[in-house]
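got a sequence here, can you model it:
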Amino acid sequence: MTIGDAATAPEHPATRHAAPPTACLSATALLDADHPDVRAFAVAAIGDATDDVTRAVRLYYAVRDDLRYDPYVVDYSPEGFRASAVLTRRRGYCVTKAGVLAAAGTERRHPGAARVRRRPQSPRDRAPAPD
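As a prediction, the model looks like this:
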């Protein structure tokens, strides 16, 4: 299904009161897709990909590989969850990294759900964080 298909798909009873697809592509306070850092990250991650699957996969790998997984320093303030702030720190945990993925996808007009799954830690993730 492409973005255009979502607007013409038959309505499902469970989604009767859901936001229209265009509303799902708007920046929010935490998914600040309109922030220059989020835009730059998304553009660099996607590169020259034109199909939706390749674009989504490239964004996923960029978030996974370019942002260090760090579950030990968690900032529960709104600023701590903001996608642009996570990109500035270059580290986050599953929830904040999912926010970056959602914001970057929103910026590139690629709606989708970030599916978060706990994975075994790699040696890189277990290494002490640099000062």
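
can you map out the strands along this structure?
68-69, 91-92 (DSSP state E).

pick the most buried one from those strands.
strand 91-92 (a mean of 22; mean count of other CB atoms under 10 Å). Placement of C-beta: from N, CA and C, glycine included.

now do that strand, average pLDDT.
Averaging pLDDT along strand 91-92 gives 95.

and what of stretch 60-68?
Taken as a whole, stretch 60-68 has an average pLDDT of 95.

quick one, helices of this protein?
3-8, 36-46, 52-66, 78-81, 83-89, 94-107, 123-126 (DSSP state H).

and Leu25, which of those is closest to it?
Nearest of the helices of the chain to Leu25, taken as CB to CB: helix 94-107 at 5.6 Å.

which other helices and strands does the closest one contact?
Judged by 3 or more CB pairs under 8 Å, 6 or more residues apart in numbering; DSSP states H and E, helix 94-107 is in contact with helix 36-46, helix 52-66, helix 78-81, helix 83-89.

can you redo those helices as JSON lines with mean neighbour count and distance to Gly99?
Shown next, in JSON lines, are the helices and strands packed on helix 94-107 (neighbours: other CB atoms under 10 Å; distance: least, CB to CB, whole Å):
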{"stretch": "helix 36-46", "mean neighbour count": "18", "distance to Gly99": "10"}
{"stretch": "helix 52-66", "mean neighbour count": "16", "distance to Gly99": "10"}
{"stretch": "helix 78-81", "mean neighbour count": "14", "distance to Gly99": "6"}
{"stretch": "helix 83-89", "mean neighbour count": "21", "distance to Gly99": "5"}
